[in-house]
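Student: dropping a prediction and its sequence here:
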There are 2 protein chains.
Amino acid sequence: MDFNRILAEKARLIEEALDRYLPPEFAPPHPIHQSMRYSVLGGGKRLRPALLLGAAEAVGADVAEDLLLAACGIELIHCYSLVHDDLPAMDNDDFRRGRPTSHRVFGEAIAILTGDALLTLGFELLARAALVARQGSEVGLRVIVEVARAAGSEGMVGGQVLDLGGSKNADPALLLEEIHRKKTGALFVAAVRAGALLGGAQEEALQKLTLYAEELGLAFQIVDDILDLDEEAKLSKLTYPAVFGLPAARARAEEAVKKALSALDSFGPEADFLRQAAEFVLSRKS
Amino acid sequence: MDFNRILAEKARLIEEALDRYLPPEFAPPHPIHQSMRYSVLGGGKRLRPALLLGAAEAVGADVAEDLLLAACGIELIHCYSLVHDDLPAMDNDDFRRGRPTSHRVFGEAIAILTGDALLTLGFELLARAALVARQGSEVGLRVIVEVARAAGSEGMVGGQVLDLGGSKNADPALLLEEIHRKKTGALFVAAVRAGALLGGAQEEALQKLTLYAEELGLAFQIVDDILDLDEEAKLSKLTYPAVFGLPAARARAEEAVKKALSALDSFGPEADFLRQAAEFVLSRKS
């Protein structure tokens, strides 16, 4: 079966779970739940939660409630970061995935609160995942701590701080790498490790999957930068094609995918989703 | 010993722990850690974490790392909510506790990210509390779920949505009560229940302490409203004195404290901190 269909199947599973875990649209107080659902259920590839499920598969685990809860927890944390990054005080974006951004629809105050509520619900789902974790609640707690670090001031939030221009004097190539590692890479790694840990990975498999996720996150972000070239150029932003030129950026992404794939060498066909995901990241057009 | 000294002692313990758990001021990326520390370590009564410790004492537990981690987790979640509530898109406050608000010092983007990072670190500390919980990690996870619900869209965030004026057609007295229960009450209740649960409370004690916390949170918020009368009046805001008049508001706070105290009837002197806290809430001048 081709990868897009497999990814779509995983995305459907995740969206059904998100729909169940999010409060109903018209539950009071108005309009926070409408806004939460608008910000989460409006599309997206669901790549991070799909990778979480794929990593669990790679270590031999079936999809069950603990994995779905954790996958949705990570997706909510990803969605909160998009809502806040789009705010006027941040990147000031009016559109995302072809629809008006949350603050354009609900206003700035509700958008800030929507992000806050999604982040909070994300951790609630991770805690519920830990309560039903087949590997035990201590493994589930380790996942929460890792996700919190990946999302916090030394991870995703820190990456956004750097992206806003906090360190203008740094070497652009080094700074760019650090922004990407923190802003995108950290949550990719946390998603893959969460799936592996909840799936019962031994230490060696966990290390290989971590390496896979680091390279995959890097390739994903470089390709994102390249795809963004076709959109309205944001010239002030530091991007791989801007710093290294398009051919070198492309080569760097290909190298990262090669490294990601070789990290999976000792895995059997149960890691095929992760392998195909790496090819997909390189070939995607949007 | 008088209550202010006992509270100051608990606050000192909590502030030493916050100082340890927060990243160092000049750790990169600049200036997020500076801003996090500015937003947390600039004063405050530390009432919520002190109540958490007090509730654990009331059920016979000594202060240990699990309680300190959870107390600091709840304080960080409280501090994040202040940083976001103060933003220009929300209450647009320039000062808090006599100092410029975080967005006045660090700008709006960093203030949004500071709140995000504090909320995230709050959950990390709660997860670390669960990992070392003397009552076991499942009790610790129950605390995380309860705190997340208290802080989320049906708790604190929901209260702020209502406070922003989402339901202008509702009965003002009912709306006011709901705002207070969600915006302040929920986190008071979560703090007290967290201390009780981590301290090993049995179900009956837990229920009594929950009742205590509900009434205490209500009294706290009414007194807050009364104290705010002396500040620049925010006439657009729904407050107890505005809706009920000052004497009735005062009487309602006194009644709540009376109920809070009687919820503690079956406890011995180990609940004296909680008793004194209830008296303090009524008599405080700032």
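Tutor: It's in. Just so we're clear, the structure is a prediction, and the values are computed from it rather than from any experiment. Residues are numbered from 1 along each chain as shown, chains lettered A, B, ... in the order given.
Student: report the backbone C-alpha coordinates of stretch A:107-122 in PDB.
Tutor: Below are the C-alpha coordinates for stretch A:107-122, written out as PDB (Å, rounded to 0.1, in the frame of the first residue of the first chain):
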ATOM      1  CA  GLY A 107      -9.600  37.400  18.400                       C
ATOM      2  CA  GLU A 108      -6.200  37.600  20.000                       C
ATOM      3  CA  ALA A 109      -7.300  37.000  23.700                       C
ATOM      4  CA  ILE A 110      -9.200  33.800  22.900                       C
ATOM      5  CA  ALA A 111      -6.300  32.600  20.700                       C
ATOM      6  CA  ILE A 112      -3.800  33.000  23.500                       C
ATOM      7  CA  LEU A 113      -6.200  31.200  25.900                       C
ATOM      8  CA  THR A 114      -6.800  28.500  23.200                       C
ATOM      9  CA  GLY A 115      -3.100  27.700  23.100                       C
ATOM     10  CA  ASP A 116      -2.900  27.600  26.800                       C
ATOM     11  CA  ALA A 117      -5.900  25.200  27.000                       C
ATOM     12  CA  LEU A 118      -4.500  23.000  24.300                       C
ATOM     13  CA  LEU A 119      -1.100  22.800  26.100                       C
ATOM     14  CA  THR A 120      -2.800  22.000  29.300                       C
ATOM     15  CA  LEU A 121      -5.100  19.300  27.800                       C
ATOM     16  CA  GLY A 122      -2.000  17.900  26.100                       C
END
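Student: contact partners for A:Ile144?
Tutor: Residues in contact with A:Ile144, defined by C-beta atoms under 8 Å, 6 or more residues apart in numbering or on different chains, are A:Phe123, A:Leu126, A:Ala127, A:Ala130, B:Phe123, B:Glu124, B:Ala127, B:Ile144. Quick note: C-beta positions are derived from backbone N, CA and C, even for glycine.
Student: any idea of the pLDDT on the fourth one?
Tutor: Model confidence at A:Ala130, expressed as pLDDT, equals 98.
Student: ok, it - contacts?
Tutor: Contacts of A:Ala130 (C-beta under 8 Å, 6+ apart): A:Asp66, A:Ser137, A:Val139, A:Gly140, A:Leu141, A:Val143, A:Ile144, B:Ser137, B:Leu141.
Student: at 6 Å what do you get?
Tutor: A:Ser137, A:Gly140, A:Leu141, B:Leu141 (C-beta atoms under 6 Å, 6 or more residues apart in numbering or on different chains).
Student: tell me the confidence at the third one?
Tutor: At A:Leu141, the predicted lDDT confidence score is 98.
Student: biggest helix in chain A by residues?
Tutor: Among the segments of chain A that qualify as a helix by DSSP state H, the longest is helix A:203-228.
Student: for the record, mean pLDDT for that one?
Tutor: 95.
Student: now do stretch A:8-17
Tutor: According to the model, stretch A:8-17 has a mean pLDDT of 97.
Student: need the helices for the stretch 1-150 of chain A, in chain order.
Tutor: A:3-21, A:32-40, A:47-58, A:65-85, A:102-106, A:108-131, A:137-151 (DSSP state H, counting those that start in this stretch).
Student: reformat these as JSON lines; add distance to A:Gln160.
Tutor: Converted to JSON lines, the helices of the stretch 1-150 of chain A look like this (distance: least, C-beta to C-beta, whole Å):
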{"stretch": "helix A:3-21", "distance to A:Gln160": "23"}
{"stretch": "helix A:32-40", "distance to A:Gln160": "17"}
{"stretch": "helix A:47-58", "distance to A:Gln160": "16"}
{"stretch": "helix A:65-85", "distance to A:Gln160": "6"}
{"stretch": "helix A:102-106", "distance to A:Gln160": "16"}
{"stretch": "helix A:108-131", "distance to A:Gln160": "12"}
{"stretch": "helix A:137-151", "distance to A:Gln160": "11"}
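Student: thinking again about what came up before, quick one: buried residues of the longest helix of chain A?
Tutor: A:205-206, A:208-226 (16 or more other C-beta atoms under 10 Å in any protein chain shown).
Student: separation between the closest residue to A:Phe188 other than its chain neighbours and chain B?
Tutor: Spatial nearest neighbour of A:Phe188, excluding adjacent residues (C-beta to C-beta, 6 or more residues apart in numbering or on different chains): A:Gly217 at 3.5 Å. Distance of A:Gly217 to chain B, computed by C-beta to the nearest C-beta, to the nearest Å: 18 Å.
Student: if I pick A:Gly217, what's in contact with it?
Tutor: Residues in contact with A:Gly217 (C-beta under 6 Å, 6+ apart) are A:Thr184, A:Gly185, A:Phe188.
Student: who wins on neighbours among the residues you listed?
Tutor: A:Phe188 (28 neighbours; other C-beta atoms under 10 Å in any protein chain shown).
Student: where's it relative to chain B, distance?
Tutor: 17 Å.
Student: cool, and A:Leu227?
Tutor: 25 Å.
Student: what's around the closest residue in space to that residue that isn't next to it in sequence, how many residues?
Tutor: Excluding the flanking residues, the one nearest A:Leu227 by C-beta to C-beta, 6+ apart is A:Ser286, at 6.7 Å. The criterion is other C-beta under 10 Å. On that basis, A:Ser286 has 6 neighbouring residues.
Student: quick check: residues of chain A near chain B?
Tutor: Within chain A, the positions near chain B by C-beta under 6 Å from any C-beta of the partner chain are A:29-30, A:32, A:84, A:89-90, A:108-109, A:112-113, A:116-117, A:119-121, A:123-124, A:127, A:130-131, A:137-138, A:141, A:144-145, A:148, A:151-153, A:157-158, A:160-162, A:164, A:166.
Student: just the buried ones from those residues?
Tutor: Buried, going by 16+ other C-beta under 10 Å: A:29-30, A:32, A:84, A:89-90, A:108-109, A:112-113, A:116-117, A:119-121, A:123-124, A:127, A:130-131, A:137-138, A:141, A:144-145, A:148, A:151-153, A:157-158, A:160-162, A:164, A:166, out of the residues of chain A next to chain B.
Student: isn't A:Ile222 right next to A:Thr239, touching?
Tutor: No - look at A:Ile222 against A:Thr239 with C-beta atoms under 6 Å: they stay out of range, at 8.7 Å.
Student: residue ranges with poor pLDDT in chain A?
Tutor: Under the criterion pLDDT under 70, the flagged ranges of chain A are A:1, A:166-169, A:230-236.
Student: find the centremost residue of it, please.
Tutor: With the centre of chain A defined as its mean C-alpha position, the nearest residue by C-alpha atoms, centre = their mean is A:Arg48, 4.2 Å away.
Student: can you give me the neighbour number for the closest residue to that one other than its chain neighbours?
Tutor: In this structure, A:Arg48 finds its nearest non-sequential neighbour in A:Ala191, 4.3 Å apart by C-beta to C-beta, 6+ apart. Neighbours of A:Ala191 under the rule other C-beta under 10 Å: 31.
Student: buried residues in stretch A:7-20?
Tutor: Buried, per 16+ other C-beta under 10 Å, within stretch A:7-20: A:Leu7, A:Lys10, A:Ala11, A:Leu13, A:Ile14, A:Glu15, A:Ala17, A:Leu18.
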